[in-house]
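Peer 1: Let me see the structure of the following:
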Amino acid sequence: LANGYLVVVKSWLDEIRNKSVGGVDLLLHLLTSITKLPVTKDMVSSSKLGKTVVTVENDKVCIGGVNENAIKNQITELKKEWSASVKRFKNGKSKAADESSKNTSTKSSSSLTSTKSSSLTSTKS
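Peer 2: Next comes the predicted model:
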C-alpha cells in the first residue's frame, strides 16, 4: 500500500468506467478486494481513489444497471471500512505518541533515580 498500490487500483477503476477493461464483474471484484485494506487518510487522498470510488456510484456503469444495488452496497461497505481504518490509524498514532511520551518520561525518571543511586553509592565509599 505504501508503494502506490491504490494509484494502480484507481487506474483500473478508471479503465473499467471507460469500458476499456473488464465490466461489472471485475468492478465488483475489485471493490470487494480493496474494502478491507488497512488504509490511512494520506493513502486515500494522495491516490485520489476515494473520489474515483464516489464517481463510480454516479457513473453509467452503475446507474440503472442490473447490478446497481450490488455496486452501491459494496461502495457503502468500502466507505464504512475505510473510515474505520482511517480512525484506527489516527487513534493508533495518538496512542503511540502517548505511549512514547510516557516511556520517555519513565526513562527520564529512571535515569534520575539511577543517577541519584550512583551518587549515593560513590559518596558512601
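
Peer 1: Regarding the residue nearest the centre of the chain, what are the backbone dihedral angles?
Peer 2: What sits nearest the mean C-alpha location of the chain, by CA atoms, centre = their mean, is V39, with 1.5 Å. Backbone dihedrals for V39, given as degrees, to the nearest 10, come out at phi -100, psi 160.

Peer 1: just D59 next, same as before
Peer 2: Main-chain torsions, D59, degrees, to the nearest 10: phi -90, psi 160.

Peer 1: The one 3 residues further on now?
Peer 2: Backbone dihedrals for C62, given as degrees, to the nearest 10, come out at phi -110, psi -50.

Peer 1: which residues sit in contact with it?
Peer 2: Applying CB atoms under 8 Å, 6 or more residues apart in numbering, we find C62 in contact with V56, E68, I71, K72. The C-beta positions use only the backbone N, C-alpha and C, and glycine is treated the same way.
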